[in-house]
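[1] Curious how this folds, go ahead:
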Amino acid sequence: MQETDIQRSAGTELTYTPTARRFHWWTVLLVAVQIPLGIYMAYRGNVLDLWDATTNSLYSTHKLLGLTIFVLVLARLLYRAVHGAPADEPTLEAWQKGASHATHWALYLLLILMPIVGWIGVSLYPALDIFGLFSLPSIVDANQEAASRVFYLHWLGALAIVLLVGIHVAAALFHYFIRKDGVLARMLPSAGKRG
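    Numbering: from 1, shown residues only. All right, here's what the predicted structure looks like:
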């Protein structure tokens, strides 16, 4: 049986398809690992000035996860372009729909730009090696002064992602516990409506 573009949970709630939900939750998982990993790796390298095998492994993991997130988000957007997304939750007011769409598209944009900015930064530094197994191709000429500015932008982007994810999660919980509508059920059908 072919997966429909929009599926209904319990016969009433419009939900994302299982594939769209998998894209979403894999992205959540990888970002949930990537952000603290990036903070810890930067702390070891930049604050403690500790450049050992552990720090190098943290940086390699961060670069590899960044590329994985980049590919995953592009695949997710391609899937969305082909299969669409469910209509907005009917109980949402116009401003809530606008805020929701703005938050989602800002997250998509940042999750695409952050790996690109990171890749530019490691090209400028240069620090393209991953686990001593292979090196990323350089996309710009080395320039350590420019690298520090690019890494600062990368850090600001990470803060923006954390802020937007916080807003996104707070809104989902607000809709589930306060408004008791079907917003959370769209991405987590087992949640359903409350009362």
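[2] how about the strands in the protein?
    Counting by DSSP state E, the segments of the chain that form strands are 7-9, 13-15, 129-130, 134-135.
[3] hey, least reliable of these by pLDDT?
    With a mean of 41, strand 7-9 has the lowest mean pLDDT of the strands of the chain.
[4] can you list the weak-confidence ranges in the protein?
    Applying pLDDT under 70 to the chain flags residues 1-13, 191-195.
[5] Quick one: the helices in it, in order.
    In the chain, helices defined by DSSP state H lie at 18-42, 53-83, 94-124, 144-174, listed in chain order.
[6] so which of these gets nearest V183?
    Judged by C-beta to C-beta, the one of these that comes nearest to V183 is helix 144-174, at 6.3 Å. Where you see a C-beta, it was placed from the backbone N, CA and C, and this is true even at glycine.
[7] What residues of that closest one count as buried?
    146-147, 150-151, 154, 157-158, 160-161, 164-165, 167-168, 171-172 (16 or more other C-beta atoms under 10 Å).
[8] biggest separation within those residues, which pair?
    The widest separation within these, taken as C-beta to C-beta, falls between A146 and A172 and amounts to 38.7 Å.
[9] which residues does L124 contact?
    For L124, the contact set (C-beta atoms under 8 Å, 6 or more residues apart in numbering) comprises V140, D141, A142, N143, Q144, A146, A147, V150.
[10] of those, closest to G84?
    Relative to G84, the closest of the contacts of L124 is V150; by C-beta to C-beta it sits at 35.7 Å.
[11] residues contacting the residue nearest to the closest one when sequence neighbours are not counted?
    In space, V150 comes closest to G121 once its chain neighbours are excluded; the distance is 4.1 Å by C-beta to C-beta, 6 or more residues apart in numbering. For G121, the contacting residues are A147, V150, F151, H154, taking C-beta under 8 Å, 6+ apart as the criterion.
[12] Can you give me every residue that contacts the spatially closest residue to P137 that is not a sequence neighbour?
    Nearest in space to P137, with sequence neighbours left out and distances taken as C-beta to C-beta, 6+ apart, is L128 at 7.5 Å. By C-beta under 8 Å, 6+ apart, the residues touching L128 are V122, S135, L136, P137, S138.
[13] redo that, cut-off 10 Å
    With C-beta atoms under 10 Å, 6 or more residues apart in numbering as the criterion, the residues that contact L128 are K63, W119, V122, F134, S135, L136, P137, S138, I139, A142.
[14] So the last one sits against I120, correct?
    No - the pair A142 / I120 is not scored as a contact, 11.4 Å apart, by C-beta atoms under 10 Å.
[15] of these two, who's got more company?
    I120 (19 against 13; other C-beta atoms under 10 Å).
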